[in-house]
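S.K.: below: sequence and its predicted model.
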Amino acid sequence: MGRTLSEKVWDEHVVRSTAGEPDLLYIDLHLIHEVTSPQAFDGLRLSGRSVRRPDLTLATEDHNVPTLDWDKPIADPVSRTQVDTLRKNAAEFGVRLHPLGDVEQGIVHVVGPQLGLTQPGMTIVCGDSHTSTHGAFGAIAFGIGTSEVEHVLATQTLTQAKPKTMAVTVNGSLPAGVTAKDLVLTLIAHTGTGGGQGYIVEYRGQAIEELSMEGRMTVCNMSIEWGAKAGMIAPDQTTFDYIEGKPEAPRGADWDAAVAHWKTLVTDEDAVFDKEIVLDASEMTPFVTWGTNPGQGVPLGATVPQPADFDDEQDRIAAEKACEYMGLTPGTPMREIKVDTVFVGSCTNGRIEDLRLAADIIKGHKVDPNTRLLVVPGSVRVRMQAQDEGLDVIFKEAGAEWRGAGCSMCLGMNPDTLEPGERSASTSNRNFEGRQGKGGRTHLVSIPVAAATAIRGTLSSPADLAPAAV
Amino acid sequence: MDKFTTHTGVGVPLRRSNVDTDQIIPAVYLKRVTRDGFEDGLFAAWRNDEAFVLNNPAYAAGSVLVAGPDFGTGSSREHAVWALQNYGFKVVISARFADIFRGNSGKAGLLAAQVDEKVVQRLWDYLDDNPGASITVDLESRTVRAGDGEGAIEDSFDIDDYTRWRLLEGLDDIGITLGHETDISTYEATRPSWKPQTITA
Ligand code: SF4
């Protein structure tokens, strides 16, 4: 019987397999950031162990870093200690680090692909659940906890039970103006937040093949939001073109050998998945969340749902709690919801293509006077490229704040947070209670919706905009 | 890691589903570089609410958390497990756990016992009727028990064999893996030359 993409990549990394025990998997790339690594390095130190393969390890600073005044010492002493601890650990254990101020610094899931370190057929882990992003290249990539970070540092392997396989096939083409973000939000509303639990998911079908690498990363990024172990997309010409020429991409004969191998990384015709979901992209529309988990979403043209309409009791209670927390009255049209802050950025939508799209919509418009627009590039490279293209000027002329690279308002860990009760439209991936700051209310949206919302001050799509003053 | 065989302690009913790790411990509490002290951030947002279950003195000594389905979704932060442990929890009982949370629990020595949704409901009702009552969780026989006489609850829970064995033996994962050092070296020798490296000589 044939094998699926994930089974092929899995099998290539099995170091040891014994009945009744999880497999021992070799890890090709271990990414590290300041939040989930200090206790792991401490563990190594306590047991007198070293990092087995510093040459397969890469660290950067992203969660705690300020996006203003990044050339000054970090103001919050606790954040500073955490970042300093990473610097000390990297130096002591010989790990390559891209610290704040370095040209390769940025969100760990933006940095890996842009350096060309993320390649098809690899196993990639990081102490961060959105490691699933790298699956867009046909890698098995997933988030791990700190004990596992220590395990990978010490052994370059992980013990892992083999997950089940699932195919999500998205047929047809996305309508104009509907993006990868809308696709994945639609999918999660369909499956619920636990629908992917225990599975490695392969996204396939025409709509997926038509996505750029950035769009594919957006989809895979949010795999964890419906509970999947990992999300993958088979590598194709789009993938190879993206990687070729990147700083750490193979060259010459190595490139040819690599591509020849990558081309074998597709699900065989006769392979069988444990589960399949089929969606039609042509019916999709801009999609936004109203609640406090990523599965609580509706089309932008719909209304806040009535909790009483949920059949399942748990869902109904969750909807009631969410409406209360979000300060929303059921039945309110989503388009009438007034937004205080729009956040463009994160590892979901903070890449150059995202900023280009946002700038394209915003150009010639002004940000609503009662709304704040924060544009945060996912990495320093993205920031520099955007500046080379003049995107920063477009944002600033519209009245937006143009910031330095980092996780920023995706999570309430650095100075960029929401105030209690403040409402955001955010291109990030989590709308959990307090995620963007205590009491903050988050609506997850795509880049076009974020841009149009910033201009109108209420949840909107570009179709709602008056023509730009050029 | 300490061996885990059986635990009896005060059960705490957390009547919520989809408790994500941002609720278990918000990001702002993750800045410590040690493994302890995270109890201050446990369910931080909810603890401001007087009616929140952990603010009820009857549950002050709580060590067995009984939660709704999809517990531990979201971020991979192992701090969520540490916060529960630092607070005094030894066991979390739920009908469904997020994968990463379950994995982290197993590594850190917190028992994530998966039971049928009906069992959660019965435990909730029992604890509401008997605040401060104990639950026994026996890893050897994979059973949870509460109450006695007529209304006694006894049911089995799921945990994978490997994690159960490691918890029972109190084994350090890294130590086990390093025992397979030859396998790792043999595998490493077969890796193709074009695989990327972050540091090149
Ligand atoms: S941008 Fe957000 S989701 Fe991505 S790594 Fe940073 S905190 Fe996590």
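M.R.: Noted; the coordinates are in hand.

S.K.: how about the helices of the stretch 51-200 of chain A, start to end?
M.R.: Under the criterion DSSP state H, counting those that start in this stretch, the stretch 51-200 of chain A carries helices at the ranges A:77-93, A:108-115, A:146-155, A:180-191.

S.K.: of these, which is nearest residue A:414?
M.R.: Closest to residue A:414 of the helices of the stretch 51-200 of chain A, according to Cβ to Cβ: helix A:77-93, at 6.7 Å. Any C-beta I mention is one placed from the backbone N, CA and C, and that applies to glycine too.

S.K.: and for the closest one, what's in contact with it?
M.R.: Contacts with helix A:77-93, where a contact means Cβ atoms under 8 Å, 6 or more residues apart in numbering or on different chains, come from A:32-35, A:37-38, A:41, A:44, A:50-51, A:54, A:59, A:61, A:64-65, A:73-74, A:95-97, A:99-100, A:153, A:413-414, B:31-33.

S.K.: got a PyMOL select line for the buried ones in those?
M.R.: Only the buried entries of those go into this PyMOL selection, using 16 or more other Cβ atoms under 10 Å in any protein chain shown:
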select buried, (chain A and resi 32+33+34+35+37+38+41+44+51+54+59+61+64+65+74+95+96+97+99+100+153+413+414) or (chain B and resi 31+32+33)
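
S.K.: now, the contacts of helix A:77-93 that are in strands?
M.R.: Among the contacts of helix A:77-93, the members found in strands (DSSP state E) are A:32, A:59, A:96, A:97.

S.K.: correct me, but the second one touches residue A:104?
M.R.: It refers to residue A:59. No. With contacts counted by Cβ atoms under 8 Å, residue A:59 stays clear of residue A:104, the gap being 10.9 Å.

S.K.: sorry, back to before: out of the helices of the stretch 51-200 of chain A, flag the one nearest residue B:83.
M.R.: Closest approach to residue B:83 among the helices of the stretch 51-200 of chain A (Cβ to Cβ): helix A:146-155, 12.6 Å.

S.K.: tell me what that closest one is packed against?
M.R.: Applying 3 or more Cβ pairs under 8 Å, 6 or more residues apart in numbering or on different chains; DSSP states H and E, we find helix A:146-155 packed against strand A:29-32, helix A:38-46, strand A:157-160, helix B:99-108, helix B:173-178.

S.K.: mind listing what's buried along that helix?
M.R.: For helix A:146-155, a neighbour-count test (16+ other Cβ under 10 Å) marks A:146, A:147, A:148, A:149, A:150, A:151, A:152, A:153, A:154, A:155 as buried.

S.K.: for it, give me every contacting residue.
M.R.: A:27, A:30, A:32, A:36-37, A:39-41, A:43-44, A:49-52, A:57, A:93, A:125, A:127, A:144, A:157-159, B:78-79, B:103-104, B:107-108, B:173-174, B:177-178, B:184.

S.K.: report the angle between the axes of that helix and helix B:99-108?
M.R.: Orientation check (axes from the mean of the first three to the mean of the last three Cα atoms, to 10 degrees): helix A:146-155 against helix B:99-108 gives 70 degrees.

S.K.: tell me the angle of helix A:146-155 relative to helix A:77-93?
M.R.: Using the same axes, to 10 degrees: helix A:146-155 against helix A:77-93 is 20 degrees.

S.K.: what angle do helix A:146-155 and helix A:38-46 make?
M.R.: Note on geometry: by the same axes, to 10 degrees, helix A:146-155 and helix A:38-46 are set 40 degrees apart in direction.

S.K.: dump the C-alpha coordinates for helix A:146-155 into PDB.
M.R.: What follows is helix A:146-155, C-alpha atoms only, in PDB (Å, rounded to 0.1, in the frame of the first residue of the first chain):
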ATOM      1  CA  THR A 146      10.300  22.700  27.600                       C
ATOM      2  CA  SER A 147      11.100  19.100  28.800                       C
ATOM      3  CA  GLU A 148      11.100  18.100  25.200                       C
ATOM      4  CA  VAL A 149      13.300  21.100  24.300                       C
ATOM      5  CA  GLU A 150      15.800  19.800  26.800                       C
ATOM      6  CA  HIS A 151      15.500  16.300  25.300                       C
ATOM      7  CA  VAL A 152      16.200  17.600  21.800                       C
ATOM      8  CA  LEU A 153      19.100  19.700  23.000                       C
ATOM      9  CA  ALA A 154      20.700  16.700  24.600                       C
ATOM     10  CA  THR A 155      19.900  14.000  22.100                       C
END
